[in-house]
Every structure is written in structure tokens, then in C-alpha cells.
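Novice: sequence plus predicted model, see below.
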Amino acid sequence: MDGWEVVIGLEVHAELATATKLFSGARNEFGGEPNTHVDPVSLGLPGSLPVLNEKAVELAIRVGLALNCVVQASEFARKNYFYPDMPKDFQISQFDQPINGEGWLELPDGRSIGIERAHLEEDTGKSTHVGGGGRIHEAAYSLVDYNRAGVPLIEIVGKPDLRSAEDARAYVSELRAILVTIGASDGKMEEGSMRVDCNVSVRPVGDEELGTRCEVKNINSLRSLGRAIAYESRRQVDLITSGQKIDQQTRHWNEEDGRTHTLRSKEEAFDYRYFPEPDLVPVAPSAEWIDEIRAAMPLLPGERRRRLADESGIHPEAAALTVERGLDDLALAAMDLGAEPARVLVHVENNLADGQGGLTAEAFASLVVMETGGDLTATQAKTVLADLVDSGGDPVDVAAGHGFEAMESSELEGLVGGLITDHPEDWEAFVGGDEGERKKKSGFFVGQIMKATRGQADGRVVNEILERLADGT
Amino acid sequence: MSAVSLAASVRSGGRSARSIVEDHLAAIEAGEDEIHAFNLVMADSALERADRVDAVVAAGGDPGPLAGVPVVLKDNMCTRGVPTTCGSRILDGWRPPYDATVVQRLEVAGAVLVGKTNMDEFAMGSSTENSAFGPTHNPRDTSRVPGGSSGGSAAAVAAGFAPLALGSDTGGSIRQPAALCGVVGVKPTYGAVSRYGLVAFASSLDQIGPFANSVADAALLLEAVAGHDPMDSTSIPAVAPDLLGVLDRGVEGLRVGIIEEISGSGPTGLEGFSPDVQSRLAEAGEALAAAGAIVEKASVPSTVFGLSAYYVIAPAEASSNLARFDGVRFGLRVDAENTVDMNAATRTAGFGDEVKRRIMLGTYALSAGYYDAYYGKSQKVRTLIVEDFARAYESFDLLLSPTAPTTAFPIGEKVDDPMLMYLNDVCTIPSNLAGHPAMSVPFGVGDDGLPVGVQVLAPANGEPSMFRAAAVLEAAAGGAL
């Protein structure tokens, strides 16, 4: 696809983590026996009326603030179309007056991705079409579960600022991290609480004008997102280079065959007949309320990456994993207590994949101080750390319990001397070699010493002895 | 006997609720075949309920302001476990699992529900001829319509089947049948009475209100059902005003304007008002003036466009509100090859012609490319009407007009001419578009001997002065019928 640029804009639907539905008191909870989390409103029974869930509005405002959006007075509208899993045969959504206007999201690498809007709407139920290949028109019969109907959604419409599948994945990951951090959503794509629709178009590199786009639906994981974009952009380039035109379509991603398929063309698009929802009044959040929500917002992933980077002297992108694991507070506290930042981050990234468990910042800091001070080898430190995570405690006691004591330098010097005698050619190579060769051979000697001492030796001390002996010859 | 005195006698132990209910059930038994006011008479549950009310009194308690008073409900208000049809086949077999807020409030007030009344299908009509279950007859002349769409409720009160009824008014569906049947009918301020459990026709216009034989009885019922309801987002967040307590305050010093454009008396107004209706309106003005009001002509120019705007806005909302009748979850289902065909077959079989006509009108008006020209423009007219009323209410406390252009017309006369039928609501529609209260009070009869109604209009939340004027008109007309 040399010479072509892919342009991607994502529409992300996330279920808001409220206790009840957007317009009624029925429970908002994943799973459950079909049609048990329902009431007259979520079943769309005649005579029922929607009443807006204030918590959902608060969460929507949090999302708006986190995405740097203009939070504004808004209005609900009806989006009319017939489908059996939509109880009223219209969806209450927001149309020309969304609660959150334009904003932006910062990717870990520092690029800003534009946000068009982030509005509130209700979720639909779930249909199961039995027979006929699972499609409504051919099905023998269809079953509907309305547990999900009326669950609050925030639809976050991104601008077409993404340029690759990797960009798209980074955007969705960051958005998910933000939503989880601010408590707006659990962000579980596998449970459908976060769903991604993807607008893809292609254009020759250098062109300013956007190509005709296709919207791809039914993307259920980050992996599918990447695959779908790869397939769809390739398809479009192939069409154009073979002299054909792109038809503006809604397409369906099929996980099994790894392709997108036509769902409907622009001509077949629904006329949703939007009009203001007369059963609800406009939502005009006061400036005081917005300020209150802003004041209660936790630090966002981007801010946390920056904070950690500032403290530890690394690039914000390198702080990503620590923040993603939610261990940045622990790392910062350990650094504050005198632990060496680089060593702290190495442990977080390599040895704390499953979280901190019983590990306290104090224990972590003192472990790292012991390690960098030569009281523990890297291998010993790793073992002690695992114990601290499992069952807490003081690293000094844990190390003593294992019988870990750093070997004396004189003892090590003897071992190194013996090794040199046994491997004269390797020693020659170390002494006379260039930097690469020297490094390689030092690795060999350190490895041998570690083997001989069963990891009790400190690799750095061994290196120091090697250097000193080499300089002395 | 008035609802006010029936409730008083039950509360004081002077009369049992059971005997009151039995009397009304007997009246229904005797007259219902001729009138067809009901889709359902709830004789057994009404008697049980009456006994419960009597038990409260016997135990020294107070069953409430409507103790033992029979009330009937238009059949578009949800009653738990009791069929609610909206006058349509499409709700065949449906029993709501919940009570409308007004039903709960009637229960709390001690009222006894005795039946669900006939109506134009989904409240679309002005004669109750659009019911899937056959027309209701006007008790004053059974060859004539009772008006509509709440014709069953109006007829039930006029026939003495119940002293009180609730109806719903989207463009005049309480006031016009009240006028044609010679009873009092009130459309309260939008949001005064909860719509929760009222099957929607046009959400921004629908409002529940009372029918009664007297202004005082109407006030009694309205007080019982009005007031804020958290289940309805458009409900007014305030305590309902006292009405019974102000009824005898008269109209001394109130400024009352007779709207030229919708009374056939102005140079630019609408036509088609029969002279006897115009005479009664003039006499009503004189009666108010005699009681000390300052009565003058008033102009609310944009009211003449109300009908056109209404027949875009109401069908537009209806096209969306009625989408849920798809055969999936409740009511009628006509089986077909697949779900999509089942939706169409069900709706084709379940809806009557007038409902289909309005769904098509509304769907068209909201369509891409037509929205601005129809729905958008109609909303502008609506705003104009609100502004015109606001201007008029700078000079007047209340406004006056006929309720309907003519007295009750013969069954079948207008059924094939929708436009002629729609014209029945020219006087009542503007109040719905503005969200204002208005009520119809019987004021004499026409040349044909049939009742004429006068409409009293008030600004939002102006019910107290509106009821005061209505009480004066009632007294001048010779007291409660």
C-alpha cells in the first residue's frame, strides 16, 4: 500500500457504569436471566415515560472533561427506526445538541486526536435470530432480551485524525484507560460494554481531500480493529487502483473470514427522522455542577504518565506500562523514599505484571535500596519481591529467611581468578577485544560465576573485578 | 347528586359507597346499550372497592376527598391487570402491569373506578366514531356524536353513569366532547397532571383532565389528580393550586377578552361558526360583565394557523409514539414469514384508517428534506401562538371563545371528510399548542336544543381564575345541569 494513506475516524460506544438505566430504575448489570432487568420504561410499554438518570449525566460530563470537550446545554432527540430489540422502535439519543462538544484526546506518544462530540444515548436490547444464518429476514424465529435495553451509553465520535491500525488501537486503548480511570465505564470490549465502529477511507499520500469512507461495524476486540482496518483499507486501495470507485457503505466485519461485507449502501441508509424528544426537558448542567465534577476528577492516564516521567527522568511513552498497570502511585512513593527510579521501573515492568499484592511502597523502596547497595543480587531481589507481593513483610526479614547474603568481594575475587585460569582463551579475548567482544565475554564470565554461586553473586561486582584485573595486566 | 356531596356523605358515614356504586351500575345497566360509553364496565371490582372504602369509614378512617365516588377513565390510561385498549384492535389482549399515576392518585383519594370509556382510536378524532369498538352516542340525542376523542367519558357523565370522568386532551379531546354533551370539561396547564401511564398520542400536547356535571366537581377531581410526579419529566415541579377554595370569589375586576379570530366575530378570523353558538358566546360575555368583569374584544391573530401547525406536530409525534405497536412485546400479533413482515402485518391489521393516515402524515413531515418545511415551520407557528397569547395576556386575565363551532352533529355526517372533522377543533387547539389551561362550560343550548359550550382560556397555571369565571358562567346559565 505504498503511496496510500489510510484515514480513520472511530465512533466508540461505552456503557456507563451507573446502577440503573438511563431513563428508569431498572438495573444496569451485565448478564442475568433474559428479561429480568426490565420495567415498563425499558420495555417501552404504552404510557411509560423516560426520566433522566442524573448519575449518567454526571458520568457523561466526566467523560467530556477528560476529553477536553466543551460541556454544554443539551437536548435529547428521537432516532426513529424499527427493530425488535429497540422497545419503543425509536432510540432516545442526542442529535444537534450533544452534552459534550468538540475536544481532544492525547495519545501516549504525544499526538492529539480530535473529538467531534460525546453524547448520551440509550442502548438497545439483544436479538438472537434463530435459523437463516442469523439474519433477521431469513430467521425461523427471533428472540429478544431487553436486559440491556435502556442502559446508558456515551457515544464518543472521533475526528478522522488516525492514520493506521496501530493509531486506532492506541486511541481505543487510551480512551478505555481514561474511561476506566474516571469510573465512567468498565471498558470491557468482550462484554460489549465498549464497542467500536470504524470509518475508513484511503487517499494518495499528499492528497488533502478525504476519500469516500466506509463504516465498519461489529468490531469486538482491539485485534479485530486492527485486522478490519488492514482488510478494509486494502480493499479500498485495490478497488481504486483497478479503476473502480468506492461506494459509501456500512460494512460488517466478519471475524471468521477476516473480511468486511456490505450491510447497506448510502442509498439504503435509514432516514432516522430525528426530532426533539418531547417527553424530556433540556439538560443544562450548571457551571457550579461542572466545576464540582471537575474538582472530583482523578488524575488521567496522560497526566500520570507525565508525572511519573518527570519524577523518573524517562520519556512519558516509557511510563505507559506502569500507568496502565496502575502502579505509578507505588513507583512514585518508592522513589520518594529513596529508591533508584530506573530500578523501580524495571521491577514494575518485569516483576509486577499481576499487581502489587501485599507489597507496600516502604518495602519496595527498601528492597531496591538493598539491591542497589549491593546487599542483594538482581536475582535475589526478584525472589524477595515475589514473596513480598504474595504475603507482604519486610524485605530484610524475607531475604534473611532465604539465606541471601551478598558474597564478600574477596571471596568473589578468588572465584574469578580460578575461572580465568580455567578459560585462558576467553580471558585473552576479554582483555584484547573491542567493546563488543569485551561485553560478550563479560557476559560469559558473569554467567559462569552466577552458576557457580547459584545466583548469590552480584553481577555488577563481578564486572568490577574483571575490569580491575584486566587493567592490571 | 354532585360528586362533592356524594364524597361528603360517604366520609360522614351518611351513605355507603356500595349503595352509590350500585346506583350507578344500575344506571349503566339501563342506559349503556343505547349510549355505548364503555369499552369495559368493572362492576365486580368496583363493588369490592366500594366495600373497602366503607370499611375504612366504619373503622373511623377517612378514605379521602373522593370517598366512594364512581369515576370512569378514558381507555388510554393504564390500569394494572385491566385491559387498556385505546379504542384500538392493536392492543388486543394487553393488560398493563402497572397503574397510571392518575389511577394511583384516584385510589389514594378514595374514588371507585367503575369502567374504561370508549374513545377515538389512540385519541385521534373528534366524534368517537374512530373507535375500533363502534361509536358512542350522545346522551342528549343518540343520533348524534358525543364529540371526541374522549366521547365515552363525556357521554358517561352526561348520561349519569358516573359523576366524574377523566379524559385526555391533545387538541380539544376533553373540551369539545364536554361542549357537545353539555358537561364541564377541563384541559389543565401542560404538566399539571402526570402523563405517566397515559398512552401517548402527541406527547408535547397531551394532557389529562376532568369531566363533571359541575365546575365544583371538576375542581374536586382535578385537585385529586394534579400535582408533581417524578415519573413524568414534564410535570410541573410545584404543588397543585387550590381550586375549590376560590370558586366563589367571582370575577369582579377580571379583564376578559373574547378572541375574535376563533369566534367568527373578527374580520380576519375563521368561518363556520353557527349563529346560535355565537349568540351564546356573546351572552356569556355579558354574564361575566354583569358579574363585574371587564369584557372586551381580543385579538390573538396566529390562532388561525393553529389547526395547520397542529396537524403537522401531532401526527409527527404520533408517528414516533405509535411505532412501538409492532407485535413484538404486547397486544396484537399477526404472524408472518419473518419479524419484519410480522411488524407490517400487525400494524396493517391493528390500526384503523385515521391512525394510519396520521402516522403517514407525521412520517412524511419528519422525513429528510421535508423536516424544515413542515415540522420546523409548524414549531415556528407554535412559538408565534405562544407569543401572541403572551401579548394578549398583558391586557387580559382570561380569554373567551366558543368551545366548538357547532353543536353535536349527526353520527356519520363528517366521517368521510377528515378536513371537515378536523375543523371541529379550531377553537381548542391553540391552548394545547401553548400549553395553557382551558375549559368548556355548558352555556345554554343551540337552535336545535343541543348543548353549547363556552371556552374559558387562561395563561399557564391560571386555573384558579379560570375556574372562578367558569363558576360565574355556570351560575348565569342556570346552575349545574
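Specialist: Perfect, thanks for sending it. Residues are numbered from 1 along each chain as shown, chains lettered A, B, ... in the order given.
Novice: pLDDT value on the residue positioned nearest the centre of chain A, please?
Specialist: Closest to where the C-alpha atoms of chain A average out (Cα atoms, centre = their mean) is A:Ser173, at 2.9 Å. Model confidence at A:Ser173, expressed as pLDDT, equals 94.
Novice: my guess is it meets A:Leu222, correct?
Specialist: Yes. If you go by Cβ atoms under 8 Å, A:Ser173 and A:Leu222 touch, sitting 6.8 Å apart. The way it works is simple: take the backbone N, C-alpha and C, and place the C-beta from them, glycine included.
Novice: helix or strand for A:Cys198, which one?
Specialist: A:Cys198 belongs to strand A:194-204 when elements are defined using DSSP states H and E.
Novice: poorly predicted segments of the chain, please.
Specialist: Assuming you mean chain A. A:405-409, A:473 (pLDDT under 70).
Novice: not quite, go with chain B.
Specialist: Ranges of chain B meeting pLDDT under 70: B:479-481.
Novice: ok, 90 please
Specialist: B:1, B:264-272, B:337-340, B:416-421, B:423, B:478-481 (pLDDT under 90).
Novice: so which residues of it form strands?
Specialist: B:38-41, B:70-74, B:112-117, B:164-169, B:184-187, B:207-212, B:255-259, B:294-298, B:398-402, B:438-445, B:451-457 (DSSP state E).
Novice: now A:Arg117. Nearest residue, chain neighbours left out?
Specialist: Spatial nearest neighbour of A:Arg117, chain neighbours left out: A:Pro98 (4.4 Å); criterion: Cβ to Cβ, 6 or more residues apart in numbering or on different chains.
Novice: quick one, what contacts the one you found?
Specialist: Listed by Cβ atoms under 8 Å, 6 or more residues apart in numbering or on different chains, the contact set of A:Pro98 reads A:72, A:74, A:117-120.
Novice: mind doing that once more with 7 Å?
Specialist: Shown in contact with A:Pro98 (Cβ atoms under 7 Å, 6 or more residues apart in numbering or on different chains): A:74, A:117-119.
Novice: in strands, which of these appear?
Specialist: Residues of the contacts of A:Pro98 located in strands (DSSP E): A:117-119.
Novice: export those as a markdown table, with columns for neighbour count and distance to B:Ser465.
Specialist: Formatted as a markdown table, the ones in strands among the contacts of A:Pro98 follow (neighbours: other Cβ atoms under 10 Å in any protein chain shown; distance: Cβ to Cβ, whole Å):
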| residue | neighbour count | distance to B:Ser465 |
| --- | --- | --- |
| A:Arg117 | 23 | 46 |
| A:Ala118 | 27 | 47 |
| A:His119 | 24 | 43 |
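Novice: for those residues, which one is nearest chain B?
Specialist: Chain B has its nearest neighbour among these in A:His119, at 18.1 Å by Cβ to the nearest Cβ.
Novice: quickly list what that closest one is bridged to.
Specialist: Counting by DSSP bridges, A:His119 is bridged to A:Glu155.
Novice: so it touches A:Ile99, yeah?
Specialist: Yes. Applying Cβ atoms under 7 Å, one finds A:His119 in contact with A:Ile99, separated by 6.0 Å.
Novice: quick one: contacts for the closest residue to B:Ala476 other than its chain neighbours?
Specialist: Nearest residue to B:Ala476, sequence neighbours excluded (Cβ to Cβ, 6+ apart): B:Ala287, at 3.6 Å. Taking Cβ under 7 Å, 6+ apart, we find B:Ala287 in contact with B:472-473, B:476.
Novice: now intersect these with the helices, please.
Specialist: B:472-473, B:476 (DSSP state H).
Novice: can you list the residues you listed in JSON lines and add neighbour count?
Specialist: Converted to JSON lines, these look like this (neighbours: other Cβ atoms under 10 Å in any protein chain shown):
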{"residue": "B:Val472", "neighbour count": "27"}
{"residue": "B:Leu473", "neighbour count": "25"}
{"residue": "B:Ala476", "neighbour count": "18"}
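Novice: how many residues are close by A:Asp145?
Specialist: When neighbours are defined as other Cβ atoms under 10 Å in any protein chain shown, A:Asp145 has 18 of them.
Novice: need phi/psi at it.
Specialist: phi -110, psi 120 (degrees, to the nearest 10).
Novice: one more: A:Asp354?
Specialist: In terms of degrees, to the nearest 10, the main-chain angles of A:Asp354 are phi -100, psi 20.
Novice: report the contact partners of the spatially closest residue to it that is not a sequence neighbour.
Specialist: In space, and not counting its chain neighbours, A:Asp354 is closest to A:Val389: 7.5 Å by Cβ to Cβ, 6+ apart. Each residue near A:Val389 by Cβ under 7 Å, 6+ apart is listed here: A:352, A:356-359.
Novice: could you confirm whether stretch B:222-229 reaches chain A?
Specialist: No. Applying Cβ under 7 Å from any Cβ of the partner chain, one finds stretch B:222-229 separated from chain A by no less than 9.3 Å.
Novice: I'm done for today, thanks for sticking with me.
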